[in-house]
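K.L.:
Below are the sequence and a predicted model; questions follow.
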Amino acid sequence: QVQLVDSGGGLVQAGGSLRLSCEFSGRTLTDVVMGWVRQAPGKEREFVSAITSSGNTGYADSVKGRFTISRDDSKNTMYLQMRLLKVEDTAVYYCVAKYGFYADERGYNYWGQGTQVTVSN
């Protein structure tokens with residue numbers, strides 16, 4: 001059974017940084033795309049970023065240049081380094097995963113429990 005445990009959220013001032021982590025367990029990471037989806041209050045879920053097992057990445061336009069996704073398969077862990085945070089980045093961030101080859105927004109069938117990120121003025 002695949003399990004994702006995400007962590008690292010918190011309260012930060014605008015312009016600050018946070019690093020989210022997601023630990024993957026239950027299956028081999030071969031051909032697993034891992035990513036992040038967020039949901040702000042009253043809004044639909046939004047794709048943030050993803051990374052394939054070969055290291056290809058994808059980002060939403062709203063976070064390009066500010067967020068960096070990475071993974072360390074030896075530790076079964078994925079990271080999202082968030083810089084220059086904005087108030088509009090406030091959301092619950094969910095670690096997601098799927099078997100596949102494309103770092104896009106589609107088809108994630110494994111989800112973490114979510115971690116809250118709050119950015120204040």
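P.N.:
On my side now, so go ahead. Numbers count the residues shown, from 1 in each chain.

K.L.:
Starting from residue 118, give me the distance back to the residue nearest the centre of the chain.
P.N.:
By CA atoms, centre = their mean, the mean C-alpha position of the chain lies nearest to residue 36, the distance being 2.5 Å. Summarising the geometry, the distance separating residue 36 from residue 118, computed by CB to CB, to the nearest Å, is 16 Å. The way it works is simple: take the backbone N, C-alpha and C, and place the C-beta from them, glycine included.

K.L.:
same check, this time on residue 94
P.N.:
From residue 94 over to residue 118 (counting by CB to CB), the distance is 15 Å.

K.L.:
neighbour count winner among these two?
P.N.:
Between residue 94 and residue 118, counted using other CB atoms under 10 Å, the more crowded position is residue 94 (22 against 15).

K.L.:
gap between the one helix or strand that one maps to and the chain center?
P.N.:
Element membership for residue 94 (DSSP states H and E) is strand 91-99. Between the mean C-alpha location of strand 91-99 and the chain-wide mean there is a distance of 5 Å, by CA atoms, centre = their mean, to the nearest Å.

K.L.:
Can you point out the buried residues in that strand?
P.N.:
Within strand 91-99, the residues that count as buried by 16 or more other CB atoms under 10 Å are 91, 92, 93, 94, 95, 96, 97, 98.
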